[in-house]
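[1] Next comes the sequence, and after it the predicted model I'd like to discuss.
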Amino acid sequence: MKKVSCDMRGMLSFQILNMLKKEDLCGEEIATNIEKYRGKKPVASTIYPALKRLSKAELIVGKRRGKRKVYSITKKGLSEEKKALSYFERLYSEIEK
């Protein structure tokens, strides 16, 4: 199986890529959206290192808009998100409630 660049040890990188697939967001908006799914808002020391890793891997790009840095997914990021989604679907498809 080909290695997926998205951090598969947890779902944070996948969640970020999945969110950015839908719209461009700043770090605070990403944290707020994650809170809706996890019930707890992640701290900046969790979000920003993940954004840095994704940027370094060229899966996302951040651009300044006023005082905020807004992130968007790249073509490479879209491809990796799709691979990660397929991986998660295969991994969890057989889990029963």
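    It's in. Numbers count the residues shown, from 1 in each chain.
[2] Give me the buried positions along stretch 54-63.
    Residues 54-55, 57, 59-60, 62 are the ones in stretch 54-63 that count as buried (16 or more other C-beta atoms under 10 Å). In this view, the C-beta of every residue, glycine as well, is placed from N, C-alpha and C.
[3] so where does I16 fall, helix or strand?
    According to DSSP states H and E, I16 maps onto helix 12-22.
[4] same question, K69
    strand 68-73.
[5] Compute the inter-axis angle for the helix or strand just after that strand and strand 68-73.
    As assigned by DSSP H and E, the chain's next helix or strand after strand 68-73 is helix 75-92. Here helix 75-92 runs at an angle of 70 degrees relative to strand 68-73 (axes from the mean of the first three to the mean of the last three C-alpha atoms, to 10 degrees).
[6] elements contacting helix 75-92?
    Judged by 3 or more C-beta pairs under 8 Å, 6 or more residues apart in numbering; DSSP states H and E, helix 75-92 is in contact with helix 12-22.
[7] Widest-spaced pair of the buried residues of stretch 54-63?
    A57 and G62 (12.9 Å; C-beta to C-beta).
[8] pLDDT of stretch 15-35, averaged?
    Stretch 15-35 comes out with an average pLDDT of 95.
[9] Send me that stretch as PDB with only the CA atoms.
    Taking Å, rounded to 0.1, in the frame of the first residue of the first chain, the C-alpha atoms of stretch 15-35 are listed here in PDB:
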ATOM      1  CA  GLN A  15      -9.900  16.700   9.400                       C
ATOM      2  CA  ILE A  16      -7.900  19.800   8.400                       C
ATOM      3  CA  LEU A  17      -7.600  18.700   4.800                       C
ATOM      4  CA  ASN A  18     -11.200  17.700   4.600                       C
ATOM      5  CA  MET A  19     -12.300  21.100   6.000                       C
ATOM      6  CA  LEU A  20     -10.100  23.000   3.600                       C
ATOM      7  CA  LYS A  21     -11.500  20.900   0.700                       C
ATOM      8  CA  LYS A  22     -14.800  22.700   1.300                       C
ATOM      9  CA  GLU A  23     -13.500  26.200   2.100                       C
ATOM     10  CA  ASP A  24     -10.500  28.300   3.000                       C
ATOM     11  CA  LEU A  25     -10.100  28.800   6.700                       C
ATOM     12  CA  CYS A  26      -7.800  30.500   9.300                       C
ATOM     13  CA  GLY A  27      -6.400  28.500  12.200                       C
ATOM     14  CA  GLU A  28      -9.100  29.800  14.600                       C
ATOM     15  CA  GLU A  29     -11.900  28.700  12.300                       C
ATOM     16  CA  ILE A  30     -10.300  25.300  11.900                       C
ATOM     17  CA  ALA A  31     -10.100  24.900  15.700                       C
ATOM     18  CA  THR A  32     -13.800  26.000  16.000                       C
ATOM     19  CA  ASN A  33     -14.900  23.500  13.400                       C
ATOM     20  CA  ILE A  34     -13.000  20.600  15.000                       C
ATOM     21  CA  GLU A  35     -14.700  21.500  18.300                       C
END
